[in-house]
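Novice: Sequence first, predicted coordinates after that:
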Amino acid sequence: MKEAPFTINEDRTCKVSYGLSAELEPLTSTLSPDKSTLIPDDNTSVGIKIINSDNQQPMEFKKEFLLIPKTTSMQNSRAFVARLIWMTAAPTSGVFNAGAIVNVYYR
């Protein structure tokens, strides 16, 4: 299993109190039936889960979640892990491409 940690950072220019919510939207990929796994269109034998580093649970795509709680802090971040998983016992070798957009909303 291969993993790649990443962080979403927010830098503010003023101390206004607000939070951020977000939604993961697949690009060049399809979703598993439970919407927790991104499956590349060019190699369906692998999948990618985005794991919340706070609780180690997979994120659900196309579902809004709290990214940054309401705060006046000028710098905020949230950690995640992209985890590659096998979708079949007989995976297809080769390259694959998958992507997702993070839509961010003020709260």
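Specialist: Here it is on my side, so go on.
Novice: Okay, now the sheet partners of the lengthiest strand in the chain, with direction.
Specialist: Longest strand of the chain, by residue count under DSSP state E: strand 75-86. Applying DSSP bridges, strand 75-86 is found paired with strand 3-11 (antiparallel), strand 46-52 (antiparallel).
Novice: isn't residue 29 right up against residue 43?
Specialist: No. When contacts are counted by C-beta atoms under 8 Å, residue 29 is not listed as touching residue 43 (10.2 Å). Placement of C-beta: from N, CA and C, glycine included.
Novice: which residues in the protein form strands?
Specialist: 3-11, 18-27, 29-31, 38-40, 46-52, 65-71, 75-86, 99-106.
Novice: could the strands paired with strand 75-86 go into CSV alongside mean pLDDT and mean neighbour count?
Specialist: Shown next, in CSV, are the strands paired with strand 75-86 (pLDDT from 0 to 100; neighbours: other C-beta atoms under 10 Å):
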stretch, mean pLDDT, mean neighbour count
strand 3-11, 97, 11
strand 46-52, 97, 19
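Novice: Okay, and the beta partners of the one residue sitting closest to the centre of the chain?
Specialist: Centroid-nearest residue in the chain: residue 50, 4.3 Å away (criterion: C-alpha atoms, centre = their mean). Beta-bridge pairing of residue 50 under DSSP bridges involves residue 82.
Novice: mind listing what it touches?
Specialist: 24, 38, 58-59, 61, 80-83, 100 (C-beta atoms under 8 Å, 6 or more residues apart in numbering).
Novice: ok, now how distant is it from residue 4?
Specialist: Distance of residue 50 to residue 4, given as C-beta to C-beta, to the nearest Å: 10 Å.
Novice: what does residue 44 give?
Specialist: Where residue 4 is concerned, residue 44 sits at a distance of 20 Å (C-beta to C-beta).
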